[in-house]
Structures are given as C-alpha cells and as structure tokens.
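Trainee: I would like the atomic coordinates for the input below:
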Amino acid sequence: MPALSILIAEDNAADRMLLSTIVGRQGHRALTASNGLEALSLFEQERPQLVLMDAMMPVMDGFESARRIKVLAGEALVPIIFLTSLSESEALARCLEVGDDFLAKPYNRVILEAKIRAMDRLRRLQDMVLRQRDLIAKHNEHLLNEQRVAKAVFDKVAHSGALNASNIRYMQSPFALFNGDLLLAAFKPSGGMHVLLGDFTGHGLPAAIGAMPMAEMFYAMTSKGFSIAEILREVNAKLKRVLPVGVFCCATLLNISRQRHVVEVWNGGLPNGYLYRGSTGEWISLASRHLPLGVLDASAFNDSCEVYAMSPEDRIYLLSDGVLETSDSQGRMYGEERLLEVFEQRPAANELFDRIQASLAAFRGTAQDDVSMIEIGMPSDEQYPPSLAFSDSGQNSPLDWSADFEFRADTLRSFNPLPYLLQLLLEVRGLRPQGSALYSVLAEMYSNALEHGVLGLESALKQSAEGFTRYYQERRNRLSALQEGYVRFHLCLKSDGERGGVLRVSVEDSGKGFDVAAALQRKPRQDGLCGRGMHLIRELTTNCQWQEDGCGVSVEFRWLAQA
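Mentor: Residues are numbered from 1 along each chain as shown. Predicted coordinates for the structure are as follows:
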C-alpha cells in the first residue's frame with residue numbers, strides 16, 4: 001500500500017496524537033487540525049488523499065467542513081471517514097450522506113487500518129476510472145475529427161454532381177453520420193443526365209465505404225460519354241473486387257436522353273421506382289429486375305435496361321427501402337400501399353413530391369435505416385453540362401492528323417466507340433469548349449448509322465410510348481444476332497495557323513441508305529418522340545452534308561484560336 005497524506009481533524013489533543021501514531025505506524029503522513037475551519041484551510045494547502053474527520057468540533061463542525069472539502073476536491077475522490085461517538089441512526093446516516101464511512105469512538109486500531117486500506121482502494125479505483133474516461137474522451141475526439149475529415153472528403157466526392165439541377169428534387173435523412181444511401185447525378189456530354197440511387201448494406205461508415213470508388217467511376221465515365229451499361233459493368237466489377245463478402249449495393253441507375261425523350265432504367269435490388277405521367281396521372285412501376293451491384297461476377301452480370309418514353313411533364317421517383325420501412329409508434333411500417341395511395345390521388349406532377357413528403361410526415365414514423373427519395377424530371381433545353389475538366393493545359397494539342405476506324409459486327413454487338421473517340425478529339429484544346437455539341441453530333445451520327453443503317457430499324461416505330469418499348473426490344477434482338485455490317489469513322493484535323501482550325505468527321509455504314517431529301521424536308525414535331533436527329537446535327541455543326549444514297553454523312557467543327 002503506497003504512503004498517503006491523511007488529514008486528521010479532531011478537537012481533542014489526545015485523540016489527535018493517538019490517531020497520528022496509528023497512521024504514522026502504517027507508513028502514512030499525518031496532517032492535523034483542531035477544528036473544521038482549520039481542516040478546510042489545511043486541505044486547500046496540502047491536498048491530502050484521505051480525511052479522518054471528527055463530527056462534532058468548535059468553530060466549524062465536521063459536517064460543514066466535509067461538504068466544503070468535497071466541493072474543493074471536485075471530480076477526484078477524497079474519502080472522508082467520520083470519527084464520532086454518536087450512536088443515533090439519524091446521526092450515523094448523516095455521516096454516510098456527507099462522507100464515505102464512519103468509525104465509532106473509542107478507536108480500534110485494526111478497524112481503522114482496514115478502513116484506510118478500503119478507502120484507498122476505492123480512491124485508486126475512482127482515479128483509474130477518471131483517467132480511463134479522459135483517455136476515452138481523447139480517443140473519441142480523435143475519431144470524431146477523423147470522421148469529420150473523412151465526411152468532408154466523402155461529400156466532395158459523392159455530392160459533386162448535378163443534384164442541384166432544376167429538374168431534380170430530393171430528400172435524404174442519414175441514420176448515422178455517414179449515409180449508406182448514395183445519390184449521384186451528372187450531365188452527359190450530350191446534355192442528358194445519368195442519375196443513380198444506391199443503398200449499401202447496413203448504414204454508417206461501413207455502408208458508405210464503397211461509395212467513394214462508385215461515385216468516382218460514375219462521374220468520370222459519365223463525363224466521358226460512356227453508356228449506362230458500360231458504367232454498370234465497371235461499377236459492378238469494382239465493387240465485387242473491393243467489397244467484403246455480404247456487402248453489396250442495391251441501386252437504380254437512369255439514363256435520361258433529352259434529345260430522344262427517353263429514359264433507360266436499370267434496377268437491381270431497390271424498391272420499385274415510378275414513372276409518373278404528368279398528362280394523365282398514370283404511373284409505371286420500375287421494378288427490380290436484377291441482383292444488386294457487387295454480387296455477380298462480370299461474366300454473369302446482366303446490364304440490360306428497360307426503355308420508356310419520357311415527356312417534359314413526366315416525373316421519375318426513386319426511393320430507398322428506408323422510406324417504406326419507416327415505422328410509427330406502434331411498429332407499423334409505412335409500406336408501399338400508403339405510398340401508392342398518394343399516387344392514386346393523381347395530383348399534378350409538380351405537387352407529387354410534396355404530397356409524398358407530407359404523407360411521410362403525417363405517418364409520424366421513426367426511421368430504421370437511411371431514408372432517401374429523389375424526383376427527376378426531363379432536363380430543360382437551357383440546362384447544359386458543365387465544361388469538362390482537364391488536368392493538362394492543352395498547350396501540346398495535336399493539330400494536324402487524320403484517322404480511320406471501322407467497327408464490324410463482332411465489335412458493334414458489345415462495344416461503344418464514342419467515349420474513346422471523344423477522348424481522342426478532346427485532346428485538341430480548341431475543341432474542348434464544343435465538347436457537348438461534339439458528343440451530341442457523334443452520338444446521333446453513330447446511332448443513325450448503327451440503328452437505321454446496319455440494323456435496318458425504322459423510326460416510325462417510335463411514334464408512341466409503346467412503340468419505344470418495341471423499338472428497343474427489336475434493337476437488342478437484331479444487335480445480338482448481328483453477323484455482318486460495319487460503321488466507319490474518318491477523322492481529319494487541320495490547323496488554320498493562328499486563326500484556329502477545323503475538324504471534319506465522316507461516318508459511313510453498310511446499310512441500304514434512305515431518302516435524304518425527303519427526311520430533311522420533314523419538320524420535327526416539338527412533342528414528337530423521334531425525327532430530330534438530322535436537324536440537331538445541322539444546328540450543332542459548322543457544316544454538314546449527307547451522301548445521296550443516305551449511307552454516310554460528313555460534318556465540320558471549326559474553332560478560333562484563343563487570345
């Protein structure tokens with residue numbers, strides 16, 4: 001037992017000497033006071049570890065002195081053993097209420113020594129608890145600071161897209177500091193949008209750990225013009241490789257095409273989404289047709305999407321299972337039925353999101369998981385994607401070259417060349433400001449060559465929403481059965497010295513061609529679902545010319561030298 005400093009407060013000189021002798025023989029240092037006020041002053045000066053306090057003393061009694069000593073000690077435990085000749089139960093109870101123990105007079109040396117040892121063990125235990133508490137608080141503050149830094153990085157990576165676009169409304173209520181639900185939105189180079197709602201297994205930091213690589217791939221591949229299928233395959237392979245067994249991401253990914261007025265939908269494991277027809281109040285369920293991302297190997301993964309016509313009045317609603325699993329005070333879940341009751345009221349499209357939120361609030365539920373919901377409308381013509389970011393200055397741009405590419409049947413079935421061609425062209429600094437227009441034109445030229453030229457599909461199929469479904473089903477069937485045919489690209493870049501330069505792009509296909517003059521004379525309907533491609537190409541290029549047989553088209557992009 002380590003030596004202690006023990007304060008002895010006793011108004012009887014003989015008792016003080018006796019107690020000092022007993023304490024000294026135990027190896028402790030004795031400090032003596034003759035009344036409560038003197039004891040209080042001595043405690044302030046010496047800060048002893050234990051106090052032997054007479055209950056009844058002049059000037060200030062032991063009870064008042066003990067109360068003040070406890071205040072001075074603060075969080076530290078300084079055991080106070082009352083020395084008393086009192087025998088009434090109330091008096092002894094008061095000793096225990098103000099102090100920690102009592103010792104009856106006359107003093108018994110053995111019992112006093114035992115009480116000192118017991119109080120010292122209690123004091124050291126309290127001291128250990130305080131030190132561990134402070135250590136835990138320090139570690140906790142360190143962890144919180146790390147989480148704050150990680151959260152700031154996570155938010156910049158995961159929320160750096162177009163969620164603030166005017167055609168998007170959303171709500172998120174994370175169950176923990178980190179959100180296991182992931183909302184991503186980004187403009188495509190052609191001006192359409194990719195939107196993703198993901199729900200990782202669990203919640204908090206473990207659930208959000210896969211969001212970083214997922215968001216990086218989503219934004220990078222969208223900005224480079226990759227298709228929804230290519231993004232899905234890449235994300236699935238990445239998550240399968242990095243996530244532990246049993247952790248995956250339920251997700252719905254949308255590809256909204258502003259020019260074609262269509263939306264492609266892939267749902268893997270999330271609750272039904274809904275395409276709400278603003279003109280009629282009808283809705284289409286966007287059901288899950290696939291397993292979540294990160295479950296299947298690349299060879300077994302299915303990237304097939306459902307395609308629907310989408311007008312500017314329509315809205316798409318995606319939600320995580322936390323919305324449906326919100327429960328009230330009686331443990332009842334909100335469920336899909338209550339959600340569909342809101343749809344059945346057939347409100348105006350611009351009111352539906354608020355109606356759903358009001359229904360959830362009226363349910364007065366408590367969330368059991370991360371809660372996320374997003375409403376997406378068609379991007380307006382005034383919305384354009386932000387200019388693409390490049391790590392280089394463009395000073396070493398190639399300015400005089402040409403290249404030919406021919407993509408044949410085996411490649412056309414599964415490969416999208418546009419992102420790679422766009423990346424090559426945007427190495428030219430002067431073309432970068434036209435990146436969106438360049439991609440839109442290349443996409444239309446390639447789509448026309450592949451779908452109408454090589455596959456022989458007719459645009460007339462797309463005159464209705466049902467026709468869209470048949471068109472894209474037939475597209476998939478013909479593409480999977482394709483055995484011959486080609487699409488050729490010829491790219492030629494010429495510098496015009498200090499004045500700028502010109503890019504010429506020609507696309508040819510192996511199809512039967514079409515009546516160019518008749519197609520150009522037809523004016524596209526503003527509310528039509530097809531027939532805008534050729535007119536879009538003319539609007540976005542400096543010059544364009546179709547071959548007479550309809551099997552090829554050539555366009556020019558010019559740029560002026562930057563000052």
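Trainee: I'd like to know how far residue 288 sits from residue 273.
Mentor: Counting by Cβ to Cβ, to the nearest Å, the separation of residue 288 from residue 273 is 9 Å. C-beta: built from backbone N, CA, C; applies to glycine.
Trainee: what is in contact with the two at once?
Mentor: For the pair residue 288 and residue 273, residues contacting each of them under the criterion Cβ atoms under 8 Å, 6 or more residues apart in numbering are residue 267.
Trainee: comparing those two, which residue is more hemmed in?
Mentor: Taking other Cβ atoms under 10 Å, residue 288 and residue 273 do not tie; residue 273 has more neighbours (22 against 18).
Trainee: the more buried one against residue 283, yeah?
Mentor: No: at 9.9 Å, residue 273 and residue 283 do not qualify as touching, with contact defined as Cβ atoms under 8 Å.
Trainee: tell me which helix or strand in the protein has the weakest average pLDDT.
Mentor: The helix or strand of the chain with the poorest confidence is helix 205-208; it has a mean of 68 (mean pLDDT, DSSP states H and E).
Trainee: next secondary structure after that helix?
Mentor: Later in the chain than helix 205-208, the nearest helix or strand by DSSP states H and E is helix 211-223.
Trainee: now the strands for the stretch 251-400 of the chain?
Mentor: For the stretch 251-400 of the chain, the strands defined by DSSP state E, counting those that start in this stretch cover 262-268, 273-276, 283-286, 306-309, 315-319, 371-377.
Trainee: need those in CSV (columns: mean pLDDT and distance to residue 11).
Mentor: Rendered in CSV, the data for these read as follows (pLDDT from 0 to 100; distance: least, Cβ to Cβ, whole Å):
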stretch, mean pLDDT, distance to residue 11
strand 262-268, 94, 84
strand 273-276, 96, 84
strand 283-286, 94, 88
strand 306-309, 90, 94
strand 315-319, 95, 77
strand 371-377, 92, 69
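Trainee: could you list the low-pLDDT ranges of the stretch 401-550 of the chain?
Mentor: Residues of the stretch 401-550 of the chain that meet the criterion pLDDT under 70 lie in 465, 497, 522-532.
Trainee: at 80 instead, please
Mentor: Low-confidence segments of the stretch 401-550 of the chain, defined by pLDDT under 80, are located at 459-469, 496-499, 515-533.
Trainee: and the strands in it?
Mentor: Counting by DSSP E, counting those that start in this stretch, the stretch 401-550 of the chain has strands at residues 401-408, 486-495, 500-509, 543-546.
Trainee: closest one to residue 428 among the strands of the stretch 251-400 of the chain?
Mentor: strand 262-268 (30.4 Å; Cβ to Cβ).
Trainee: now the closest one, how far from the chain's geometric center?
Mentor: Distance, stretch centre to chain centre, for strand 262-268: 20 Å (Cα atoms, centre = their mean, to the nearest Å).
Trainee: and that strand, what other elements does it pack with?
Mentor: Under the contact criterion of 3 or more Cβ pairs under 8 Å, 6 or more residues apart in numbering; DSSP states H and E, the helices and strands touching strand 262-268 comprise helix 228-242, strand 249-257, strand 273-276, strand 306-309.
Trainee: just name the most buried of the strands of the stretch 401-550 of the chain.
Mentor: Mean neighbours per residue, mean count of other Cβ atoms under 10 Å, is largest over the strands of the stretch 401-550 of the chain for strand 500-509, with a mean of 20.
Trainee: next up, phi/psi of the residue sitting nearest the centre point of the chain, please.
Mentor: Taking Cα atoms, centre = their mean, the centroid of the chain lies closest to residue 182, which sits 3.9 Å from it. When quoted as degrees, to the nearest 10, the phi and psi of residue 182 stand at phi -130, psi 120.
Trainee: quick one, what contacts it?
Mentor: Here residue 182 is in contact with 158, 196, 197, 198, 199, 200, 208, 211, 214, 215, 249, 251 (Cβ under 8 Å, 6+ apart).
Trainee: ok, what's across the strand from the closest residue to the last one other than its chain neighbours?
Mentor: The reference is to residue 251. With sequence-adjacent residues excluded and distances taken as Cβ to Cβ, 6 or more residues apart in numbering, residue 251 is closest to residue 198, at 4.1 Å. Under the criterion DSSP bridges, residue 198 forms beta bridges with residue 182, residue 251.
Trainee: can you list the domains in this protein?
Mentor: Dividing the chain into domains by automatic domain parsing, as the record does, gives the ranges 5-129, 159-377, 401-560.
Trainee: adding distance to residue 146, write those out as JSON lines.
Mentor: Listed next are those as JSON lines, based on distance: least, Cβ to Cβ, whole Å:
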{"stretch": "domain 5-129", "distance to residue 146": "26"}
{"stretch": "domain 159-377", "distance to residue 146": "10"}
{"stretch": "domain 401-560", "distance to residue 146": "37"}
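Trainee: can you classify residue 164 as helix, strand or coil?
Mentor: With DSSP: H, G, I helix; E, B strand; the rest coil as the basis, the three-state label of residue 164 is coil.
Trainee: burial count for it?
Mentor: Residues within reach of residue 164, counting by other Cβ under 10 Å, total 9.
Trainee: next: residue 436.
Mentor: Close neighbours of residue 436, defined as other Cβ under 10 Å, add up to 19.
Trainee: and the nearest residue to it once chain neighbours are set aside, how many neighbours?
Mentor: Taking Cβ to Cβ, 6+ apart as the measure, residue 436 lies nearest to residue 189, with 5.3 Å between them; neighbours along the chain are not counted. Counted with other Cβ under 10 Å, the neighbours of residue 189 add up to 24.
Trainee: what's the answer for residue 433, then?
Mentor: Residue 433, neighbours per other Cβ under 10 Å, totals 14.
Trainee: equivalent analysis for residue 20, please.
Mentor: Other residues near residue 20 number 19, with proximity taken as other Cβ under 10 Å.
Trainee: quick one: it from residue 140, how far?
Mentor: With distances taken as Cβ to Cβ, residue 20 is found 45 Å from residue 140.
Trainee: try residue 357
Mentor: Taken as Cβ to Cβ, the spacing of residue 357 relative to residue 140 amounts to 35 Å.
Trainee: between those two, who's got more neighbours?
Mentor: residue 357 (14 against 10).
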